[in-house]
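>>> sequence first, then the predicted structure, then my questions.
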Number of protein chains: 2
Amino acid sequence: MVKYLYVEIAGALRDDIQKGVYEIHQKLPSETDLANHFSTTRLTIRKAIDLLVKQQVVVRDRNRGTYVLATQSKISSGSSGLVGFTEAAKQFQLDVSTRVLDLRRTIVYPDYVASKLDLAPQEPVWQIERLRMTDGEAMTHEQIYLKQKILPELTAHEAQGSLYRLIEQTVPIGYANQELEAVVLEKGLSDLLETAPGQPAFLAHTVAYSMDGYPILYDNSHYRADKYTFHNILQREH
Amino acid sequence: MVKYLYVEIAGALRDDIQKGVYEIHQKLPSETDLANHFSTTRLTIRKAIDLLVKQQVVVRDRNRGTYVLATQSKISSGSSGLVGFTEAAKQFQLDVSTRVLDLRRTIVYPDYVASKLDLAPQEPVWQIERLRMTDGEAMTHEQIYLKQKILPELTAHEAQGSLYRLIEQTVPIGYANQELEAVVLEKGLSDLLETAPGQPAFLAHTVAYSMDGYPILYDNSHYRADKYTFHNILQREH
DNA sequence: AAGTATTGATTGTATATACAATTTTGATTA
DNA sequence: TAATCAAAATTGTATATACAATCAATACTT
């Protein structure tokens, strides 16, 4: 999984931070020192630190040093494009795993699902409930409704990977409409997400459409707020 | 103002894109070609392209090339966007009012503000704390840090309106970088927002940049989750 | 003692070069 | 023609090195 030197070094540093070798607000060794320690060049160290900055683990302070910001990094996704959890986490070079809690073909679903997906009466959908984890820690709980006619067959094994990628083997996805709520976790979900009730979370409602504008899937996901941020680049229109 | 080679090159490329030299979905010249053209190294070109990627002007496609992205639309619908609260709320035809809680020119601010705004030591900023209301109900609490050199003077009356509009009378804003957290309100803020502690809220960190990529203002806002949702249209890149 | 200049440390940028990984393209072969 | 293989193109990573910009600490001068 770990392929590149700078990713490995970033991981090593992050581990050290998590282990307390470097504490919050403490300064990391200088780039040259790190380069010597890891027997590499300063530029490779810089790339490693760049990654940690992107993950918001450290901050740079020009001419002074690099300081520890948090002991944990957050995954972040947003309008940078439509990516599922798998692809987002991969950009952070994290190890993704999935627990499929439920997978069934059904004609029983809430009204708003039928409405959002523009379903015919009795039209079957795949209902997929998954728990997504990075490095073994629960991050996201997903409740997905996918038009069955898009994917006639779907195995539990397939449901473990990137659904977007799977779907795009038959229907290219054009865009999605996402609405974000901030919520507080109730008992059931907090258990699944391995945290406490009352903790904040994002609730994202996403409808993915084909290029033609036909709805394909509806996704209702809870993201642990301590592990996830949404990130937008907003262009000013002049 | 433009100091570094790679920033200049990024600007030149962005201009070319805007002028139509490179059109949407078109491929940029290869990095080696660009390096020759600008009489520099591939690594400098890469840093320039890195910047454009961060600004979402182009995307990389490994082993294939760098492609021009749609520089328009894609963002900021429904809510905050780079329109600021005033402009957003007006689209909903709501009656916006503002309570300026604090307005001061100061050289005392958190480290992360100095870092995000790339402030010189002792550089003065305007610190503006506002409560934004629609139809008399508290919606948003804003904590804004604005480089003083952008706006030498700022009255409490001016601070009641749209800051974005005010700023753009001197410096056009190019884009902003927004990060969303989901949080739970603590006592002080919940009082200001006229709700109860423990209620969920969005916490948005926004850094607004000039067209050249220089930071202008940092905004730390809490949005009542029961009154506000964030809405994105996500484009799938193919 | 207080201010000033110097020096070292540290991050930021830039050049030059090489190899790796993968996609595309073109040539070769069955 | 179709399939296979080889080469070229292109981005990604890595090493080595140098200088610039600025902060912090030290030494020096007044």
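Alright, I've got the coordinates.
>>> could you report the neighbour count for residue A:173?
Taking other Cβ atoms under 10 Å in any protein chain shown as the neighbour definition, residue A:173 ends up with a count of 21. For the C-beta atoms, the positions are set from N, CA and C on the backbone; glycine is no exception.
>>> next, the buried residues of the longest helix seen in chain A.
Once chain A is assigned using DSSP state H, the helix that runs over the most residues is helix A:5-19. Counting neighbours by 16 or more other Cβ atoms under 10 Å in any protein chain shown, one finds that the buried residues in helix A:5-19 are A:5-6, A:9-11, A:13-14, A:17.
>>> where in chain A is pLDDT low?
In the predicted model, chain A carries pLDDT under 70 at residues A:1-2, A:71-95, A:211-213, A:233-238.
>>> quick check: residues of it near DNA strand D?
Counting by Cβ under 7 Å from any atom of the strand, the positions of chain A adjacent to DNA strand D are A:4-6, A:39-44, A:47, A:62-64.
>>> list only buried entries from the residues you listed.
The neighbour-count test (16+ other Cβ under 10 Å) marks A:5-6, A:40, A:44, A:47 as buried among the residues of chain A next to DNA strand D.
>>> how about those in a markdown table, adding distance to residue B:24?
Conversion of these to a markdown table gives the following (distance: Cβ to Cβ, whole Å):
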| residue | distance to residue B:24 |
| --- | --- |
| A:5 | 36 |
| A:6 | 32 |
| A:40 | 39 |
| A:44 | 35 |
| A:47 | 30 |
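>>> grab the two from those residues that are most spread out in space.
Based on Cβ to Cβ, the longest span within these runs between A:40 and A:47 and measures 9.9 Å.
>>> with distance to chain B added, can I get the buried residues of helix A:5-19 in TSV?
Conversion of the buried residues of helix A:5-19 to TSV gives the following (distance: Cβ to the nearest Cβ, whole Å):
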residue	distance to chain B
A:5	17
A:6	14
A:9	19
A:10	17
A:11	21
A:13	19
A:14	20
A:17	17
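>>> how about a markdown table for those residues, with distance to residue A:124 added?
Listed next are these as a markdown table, based on distance: Cβ to Cβ, whole Å:
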| residue | distance to residue A:124 |
| --- | --- |
| A:5 | 49 |
| A:6 | 47 |
| A:9 | 49 |
| A:10 | 45 |
| A:11 | 43 |
| A:13 | 49 |
| A:14 | 44 |
| A:17 | 48 |
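>>> list just the nearest of these to residue A:175.
Each of those was scored against residue A:175 by Cβ to Cβ, and residue A:10 proved nearest at 32.5 Å.
>>> need the contact list for that closest one.
For residue A:10, the residues meeting the contact criterion (Cβ atoms under 8 Å, 6 or more residues apart in numbering or on different chains) are A:48-49, A:51-52, A:55, A:93.
>>> same check, this time on residue A:38
Contacts of residue A:38 by Cβ under 8 Å, 6+ apart are A:9, A:12, A:44-45.
>>> and the two most separated of these?
Comparing all pairs in the contacts of residue A:38 by Cβ to Cβ, the longest separation belongs to A:12 and A:44, at 12.4 Å.
>>> rewinding a little: farthest pair within the contacts of residue A:10?
When those are compared pair by pair using Cβ to Cβ, the two farthest from each other are A:49 and A:93, 14.1 Å apart.
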